[in-house]
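Chemist: Build me a model:
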Amino acid sequence: MNAGLKEKAVQGTKSIWCNTWTCAVNTGRRAKIMGRYTLACWQQQKLRQALHHLGAQTFQALERGESNPLVASEVSEAVRKAKDSKERKEQNYQAIAALKERIRSSCEIPTPDKPGGLEESPEVP
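Modeler: The predicted structure follows:
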């Protein structure tokens, strides 16, 4: 009887520790997500500025009489900057999606048919 009670206490302690650990790790992941969202908002602002600059450069090239304004060096540079800003923003949203998936998978109870949890989650870049 004493051994069974001790086994239940150990199992309960392990369960509490596991749940506390999962909660702490997921809280850290949620903080990372908030940081990524903040960075994405900043990148969206940079993208708007780049698109504004692109429009201004295109308009100036058209005023100079360029038949194809995208050939002008300053316009192509503005296009490159806008594309880079958009790609960085998209990478942030992909990282956010990966973090959300890790949180979702850590909340599932692993079974033999469906393994998962903290130890089998891939690292987010």
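Chemist: show me what contacts Glu66?
Modeler: Ala72 (CB atoms under 8 Å, 6 or more residues apart in numbering). All C-beta spots, glycine's among them, are computed from the backbone N, C-alpha and C.
Chemist: can you check Lys46 too?
Modeler: Applying CB under 8 Å, 6+ apart, we find Lys46 in contact with Ser85.
Chemist: do the same with Leu47
Modeler: Here Leu47 is in contact with Ala82, Ser85, Lys86, Lys89 (criterion: CB under 8 Å, 6+ apart).
Chemist: could you dump those residues to TSV with distance to Ala56?
Modeler: As requested, these are exported to TSV (distance: CB to CB, whole Å):
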residue	distance to Ala56
Ala82	12
Ser85	16
Lys86	18
Lys89	21
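Chemist: Drop anything exposed from the residues you listed.
Modeler: Among the contacts of Leu47, those buried by neighbour count (16 or more other CB atoms under 10 Å) are Ala82, Ser85, Lys86, Lys89.
Chemist: how far is stretch 68-80 from where the chain is centred?
Modeler: Chain-centre distance of stretch 68-80: 31 Å, with CA atoms, centre = their mean, to the nearest Å.
Chemist: Tell me which residues are up against it.
Modeler: Ala50, His53, Leu54, Gln57, Thr58, Gln60, Ala61, Leu62, Glu66.
Chemist: The second one: neighbouring residues, count only.
Modeler: The local packing count at His53 equals 16, with neighbours defined by other CB atoms under 10 Å.
Chemist: Which helix or which strand is home to it?
Modeler: helix 2-63 (DSSP states H and E).
Chemist: so where is this structure shaky, pLDDT-wise?
Modeler: 1, 108-125 (pLDDT under 70).
Chemist: Look up how far Ala61 lies from Asp84.
Modeler: Between Asp84 and Ala61 the computed distance is 20 Å (CB to CB, to the nearest Å).
Chemist: Give me the more crowded residue out of those two.
Modeler: For the pair Asp84 and Ala61, the greater number of neighbours falls to Ala61 (19 against 14), based on other CB under 10 Å.
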